[in-house]
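Asks: One predicted model, sequence on top.
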Amino acid sequence: MHAIVVTTPGGSDALDYTEVPDPVPGPGEVLVDVAAAGVNFIDVYRREGRYPVKTPFILGSEGAGTVAAVGPDVSGVAIGDRVGWCEGLGGYAEKVVVPADRTIPLPDGLDFERAAAVLLQGLTAHYLTHSVHAVSPGDDVLVHAAAGGMGLLLTQMAKLRGGRVIGTASTDEKQKLAREAGADDVIRYENFDETVRGLTGGRGVRVVYDGVGAATFDGSLASLGVRGMMALYGAASGPVLPFDPQRLNAAGSLFLTRPTLAHYTVTREELLGRAADVLGWVESGRLHVHISHRYPLAQVRQAHEDLEGRRTTGKLLLIP
């Protein structure tokens with residue numbers, strides 16, 4: 001099969017489109033024919049070596065497709081089932097092995113592309129808005145990169161829970177997309193903390209969902225009201241430098257967390273519960289998935305360069 005292999009971590013040129021042997025499912029695993037794979041910043045971090053992975057490895061943590069074979073000791077998943085997944089490695093390929101207990105059954109009315117586009121980011125947006133800080137009606141919420149794949153989903157889920165969303169976006173086109181997703185106010189990054197204070201009558205927001213990292217961290221803290229929550233879920237602009245926790249006290253007894261999806265889908269019941277909400281909302285039309293670009297698997301380098309260069313909005317997919 002064809003797959004994207006990383007032998008030496010680095011830039012986009014570390015992504016090698018090559019032929020490798022078909023994987024074989026072991027005990028408790030299934031083999032899936034990949035119909036679509038999502039492109040995410042976690043893939044960039046693993047490619048760069050920021051999140052170390054033993055080399056060589058096949059990149060890709062999210063996708064959707066059809067079960068082609070099952071290994072020993074598998075129950076509840078059968079050949080021909082339509083499934084998605086959003087953890088592990090190996091998704092940038094024509095076939096992937098996935099632990100059976102981490103597969104997610106897809107509703108009949110949901111196509112593979114929308115499933116592959118929403119699972120990792122959708123489940124992340126779900127735990128951020130429902131668990132890290134459960135948005136309540138009337139909460140002021142700041143969503144950075146509101147026109148990106150994560151930002152659009154965060155905005156919609158915060159609105160589903162009754163929040164008032166302030167989004168940041170860097171261009172007129174991106175601002176328009178964020179408004180269409182439901183953002184009440186969309187602002188530029190320059191002095192955004194001062195703008196947020198103005199929009200909230202000086203109170204600041206209840207929560208900031210920040211996947212940008214270094215470039216926005218200080219301003220995000222300055223945007224929070226007393227006992228506000230800073231949810232730092234990514235670092236698209238680079239990692240945040242060490243800082244004195246006393247700043248959280250001085251700024252209003254703030255909370256800071258750096259969560260990850262694996263810790264919010266610990267059990268299969270939790271995984272399927274969150275997935276049922278997200279996929280159900282997509283199938284019913286309550287949650288819109290914006291797929292910005294689709295690339296053949298062989299054009300993976302272009303996909304990563306477009307993602308890192310912030311030249312896209314919404315979700316990027318690889319189609320084997």
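Replies: Thanks, I have the structure now. Keep in mind that this is a model prediction, so the values were computed, not measured. Numbering: from 1, shown residues only.

Asks: And the contacts of the helix or strand hosting Asp277?
Replies: Under DSSP states H and E, the secondary-structure element containing Asp277 is helix 268-284. Helix 268-284 has contacts (C-beta atoms under 8 Å, 6 or more residues apart in numbering) with 84, 101-102, 104, 106-107, 109-110, 114-115, 118-119, 122-123, 125-127, 130, 160, 264-265, 287-289. Backbone N, C-alpha and C define where each C-beta goes, glycine included.

Asks: quick one: which of the residues you listed sit in strands?
Replies: Members of the contacts of helix 268-284 lying in strands (criterion: DSSP state E): Gly84, Ile104.

Asks: List only buried entries from the contacts of helix 268-284.
Replies: Buried members of the contacts of helix 268-284, scored by 16 or more other C-beta atoms under 10 Å, are 84, 101-102, 104, 106, 110, 114-115, 118-119, 122-123, 125-127, 130, 160, 264-265, 287-289.

Asks: buried stuff in the helix holding Asp277?
Replies: Leu271, Leu272, Arg274, Ala275, Asp277, Val278, Leu279, Trp281, Val282, Glu283.

Asks: Just the C-alphas of it, formatted as CSV.
Replies: Extracted in CSV, the C-alpha atoms of helix 268-284 (Å, rounded to 0.1, in the frame of the first residue of the first chain):
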residue,chain,number,x,y,z
ARG,A,268,-14.9,3.6,25.7
GLU,A,269,-18.1,4.8,27.1
GLU,A,270,-16.7,8.4,27.3
LEU,A,271,-15.3,8.2,23.8
LEU,A,272,-18.6,7.0,22.3
GLY,A,273,-20.7,9.4,24.4
ARG,A,274,-18.8,12.4,23.1
ALA,A,275,-18.7,11.0,19.6
ALA,A,276,-22.5,10.4,19.6
ASP,A,277,-23.1,14.0,20.4
VAL,A,278,-20.7,15.3,17.8
LEU,A,279,-21.7,13.0,15.0
GLY,A,280,-25.4,13.3,15.8
TRP,A,281,-25.1,17.1,15.6
VAL,A,282,-23.4,16.9,12.2
GLU,A,283,-25.9,14.4,10.8
SER,A,284,-28.8,16.6,12.0
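
Asks: Skip ahead from that helix and say which helix or strand is next.
Replies: strand 291-296.

Asks: show me where pLDDT drops low in this structure?
Replies: Applying pLDDT under 70 to the chain picks out no residues at all.

Asks: Check it and tell me which residue is nearest its centre.
Replies: In the chain, the centroid-proximal residue (C-alpha atoms, centre = their mean) is Gln121; its distance is 2.8 Å.

Asks: So Ala235 sits against Ala215, correct?
Replies: No: the pair Ala235 and Ala215 does not pass the contact test of C-beta atoms under 8 Å, sitting 9.5 Å apart.

Asks: More neighbours: which of the two?
Replies: Ala235 (19 against 16; other C-beta atoms under 10 Å).

Asks: Confirm that the more buried one sits in a helix.
Replies: No: note on Ala235: no helix contains this position according to DSSP: H, G, I helix; E, B strand; the rest coil, which reports coil.

Asks: Phi and psi next, for it.
Replies: Main-chain torsions, Ala235, degrees, to the nearest 10: phi -150, psi 60.

Asks: Please report how far it lies from Leu15.
Replies: Ala235 sits 20 Å away from Leu15, going by C-beta to C-beta, to the nearest Å.

Asks: how about the helices in the stretch 51-200 of the chain?
Replies: In the stretch 51-200 of the chain, the helices defined using DSSP state H, counting those that start in this stretch lie at 112-127, 149-160, 172-180, 192-199.
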